[in-house]
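> I'd like to go over a predicted model; first the sequence, then the structure.
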Amino acid sequence: MSEVTNSPKLQKAIEFIEENELSFRQQLIEFLKIPSVSSDSTRLEAMKEAANWTQSWLDEAGLKTEILPTEGHPVVYGEREGKAGAKTILIYGHYDVQPAVMADGWYQQPFEPTIKNDVVVARGATDDKGQALALLCGLKAAIHAHLANDVNVKVIIEGEEEIGSPNLVPFIREHRDRLSADVVVISDSSQLGPDMPAITYGLRGLQCLEVVLKGPKQDLHSGSYGGAVVNPANVLTRIINACQGPFGKIAIPHFYDKVKELSDEERREINDLPFEDSEFQKEVGAPAISGEEGYSTLERKWTRPTFDVNGLVSGHTGEGVKTVLPSEARAKFSMRLVPDQDPEEIRQLTEEFILSILPEGVTAEFIPEHGARPVVTSRETEEFAASLRAIEKGFGKKPVLIREGGSIPVVNTFKEELGIDSLLIGLGLPDDGAHGPNEKFSLIDFKRGMITFSALLEELSQE
């Protein structure tokens, strides 16, 4: 563990966090009980409840707040002015969560949080209610300890991250002056592992796409028509196979044309991190791990593009046999992208390739979903250095520098629209199960995140 000396103000903030730790845990439980699933039109009242809960929390913490409308779910905004000329820190988080039902494999109701062994289990626990609230609790502690007097703080908590933030770009453009800041702080990622704090400096991009193949006007008897009519499901399987080449490569022409290779130094940094393939295999529960030949597991996860089938639907999928030749087949794809790939260009390449191998007898319809550009943030800024020191104070050890295989589209949005970098301080763990059943979050890391953000405000006030 690192030997870190805390200032009197930071020590006061830590004491406030310790005194209010049980209260903060209860507030997290209240937040997690709200089923704020942004993709579910039946959850509109829950979305409003989550936005109102967030605003009330920020009000009580001493911020000036508003709920600002968008074309979809609203954004909760808060601000607190420090001294003139001080740095401005923008906190970003989201109050919406992924869908969750018992049939997904939950061993408890997903919106009835439980705590066991200092771990809370509920939908949204780590993505992103727990991590976002940790930053806000750290802010509240900093305000109490007068650590926040020498910085300006702004907060936006949106309600559409899990559906690709379709209204965030116009929102930021409309409120560009109000949202101006020196840096954004986001906790919506993970550490490298237990007690291995990290700051993420790179994210893969994303392009999602749905393809719908249509053949006969209706499902047909596979005995009467099979062999004489093209089967869309059969064609879809051939298309999927054609998109993937040998040795873990993607076979779509020109897919790799703009992929920026890692430097030898960065490859060494990544592969020197404390990571074991055997532990990773145990974590995912797969018979074996594999991927693109010539790259380590971390390189594959963080720095190489992917093509994955996320869902397949066609024909009869219920109990028993129904010998039909389906009239339609659907597949949802996601492609993770790396610098310098462009999501729109990748979408076009994928559609063109599918059309080039599409046989007569079926038609293809493409439904583009949300995308995000890959991003790598500078590791040479004052703010980045300050975050390293703050994490060390919050966790008691120096953080490692990592990339992340997932995508946080808003990071690139802030860079393009506001011209500012993001500090990605991950508080979760790789096995927290974000987007999956039995999602969890360590309450020990919840507390560490609070201390880290209080320390970050102090560090940034001194820059």
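That came through fine. Residues are numbered from 1 along each chain as shown.
> any idea how many residues pack against Ile367?
Residues lying near Ile367 (other C-beta atoms under 10 Å) number 11. All C-beta atoms are positioned from the backbone trio N, CA, C, and that covers glycine.
> helices or strands up against the helix or strand hosting it?
If you go by DSSP states H and E, Ile367 is part of strand 363-372. Packing contacts for strand 363-372, counted by 3 or more C-beta pairs under 8 Å, 6 or more residues apart in numbering; DSSP states H and E, involve strand 205-214, helix 343-357, helix 409-418.
> stretch 310-326 - what's its average pLDDT?
Mean per-residue pLDDT for stretch 310-326: 94.
> how long is it end to end?
Start-to-end span of stretch 310-326 (C-alpha to C-alpha, to the nearest Å) is 20 Å.
> using CSV, write down the CA coordinates of the helix or strand where Gln11 lies.
Here Gln11 sits within helix 8-19, counting by DSSP H and E. Provided in CSV are the C-alpha atoms of helix 8-19 (Å, rounded to 0.1, in the frame of the first residue of the first chain):
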residue,chain,number,x,y,z
PRO,A,8,-6.6,18.5,6.9
LYS,A,9,-9.4,19.4,4.5
LEU,A,10,-9.3,16.0,2.7
GLN,A,11,-9.1,14.3,6.1
LYS,A,12,-12.2,16.2,7.1
ALA,A,13,-14.0,15.0,3.9
ILE,A,14,-13.0,11.4,4.6
GLU,A,15,-14.4,11.7,8.2
PHE,A,16,-17.6,13.0,6.7
ILE,A,17,-17.8,10.1,4.3
GLU,A,18,-17.2,7.6,7.2
GLU,A,19,-19.8,9.3,9.4
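> may I see the buried residues of the strand holding Ile367?
364, 369, 371-372 (16 or more other C-beta atoms under 10 Å).
> mean confidence for that strand?
Per-residue scores along strand 363-372 average to 92.
> the next helix or strand after it pairs with which strands?
Using DSSP H and E, the helix or strand that follows strand 363-372 towards the C-terminus is strand 375-376. Strands that pair with strand 375-376, judged by DSSP bridges, come out as strand 198-203 (antiparallel).
> list the contacts of the partner strand.
Defining contact as C-beta atoms under 8 Å, 6 or more residues apart in numbering, one finds that strand 198-203 is touched by 189-192, 302-303, 374-377, 379, 384, 387-388, 391, 399-404, 406-408, 411, 423-426.
> rerun that using 6 Å as the cut-off
Where contact means C-beta atoms under 6 Å, 6 or more residues apart in numbering, the residues beyond strand 198-203 that reach it are 189, 191-192, 375-377, 379, 387, 399-404, 407-408, 424-426.
> just the C-alphas of it, formatted as PDB.
Extracted in PDB, the C-alpha atoms of strand 198-203 (Å, rounded to 0.1, in the frame of the first residue of the first chain):
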ATOM      1  CA  ALA A 198      -7.100   2.000 -12.800                       C
ATOM      2  CA  ILE A 199      -7.700   4.900 -15.000                       C
ATOM      3  CA  THR A 200      -8.900   4.200 -18.500                       C
ATOM      4  CA  TYR A 201      -7.300   6.100 -21.300                       C
ATOM      5  CA  GLY A 202      -8.700   4.300 -24.300                       C
ATOM      6  CA  LEU A 203     -12.100   3.000 -25.400                       C
END
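> tell me which residue is most central in this structure.
In the chain, the centroid-proximal residue (C-alpha atoms, centre = their mean) is Ile408; its distance is 5.0 Å.
> before we move on, back to that, who's in contact with the helix holding Gln11?
Contact with helix 8-19 is made by 141-142, 144-145, 147, 450-451, 454-455, 458, as judged by C-beta under 6 Å, 6+ apart.
> show me which residues of the helix or strand following that helix are buried.
Remark: after helix 8-19, the chain's next helix or strand is helix 21-32, criterion DSSP H and E. Buried residues in helix 21-32, defined by neighbour count with 16+ other C-beta under 10 Å: 24-25, 27-29, 31-32.
> before we move on, back to that, worst mean pLDDT among the helices and strands packed on strand 363-372?
Among the helices and strands packed on strand 363-372, helix 409-418 scores lowest, at a mean of 92.
> pull the distance from stretch 28-36 to the chain's centre.
Centre-to-centre, stretch 28-36 and its host chain are 19 Å apart (C-alpha atoms, centre = their mean, to the nearest Å).
> same check on stretch 84-103?
That offset, for stretch 84-103, works out to 10 Å (C-alpha atoms, centre = their mean).
> span of that stretch from start to end?
54 Å.
> also stretch 182-190?
Note: stretch 182-190 ends 23 Å apart using C-alpha to C-alpha.
> neighbouring contacts of that stretch?
87-92, 128, 131, 135, 200, 383, 404, 408, 414, 420, 422-430.
> could you rerun that using 7 Å?
Stretch 182-190 has contacts (C-beta atoms under 7 Å, 6 or more residues apart in numbering) with 87-93, 127-128, 131-132, 134-135, 200, 383, 404, 408, 411, 414, 420-430, 432, 449, 456.
> in this protein, where is pLDDT below threshold?
Across the chain, the ranges flagged by pLDDT under 70 are 1-3, 463.
> what about the residue of it lying at maximal distance from its centre, helix or strand, and which?
Here the centre of the chain is the reference, and by C-alpha atoms, centre = their mean the most remote residue is Ser224, at 48.3 Å. Ser224 belongs to helix 222-225 when elements are defined using DSSP H and E.
> please state the offset of that helix from the chain centre?
Per C-alpha atoms, centre = their mean, the centroid offset for helix 222-225 relative to its chain is 46 Å.
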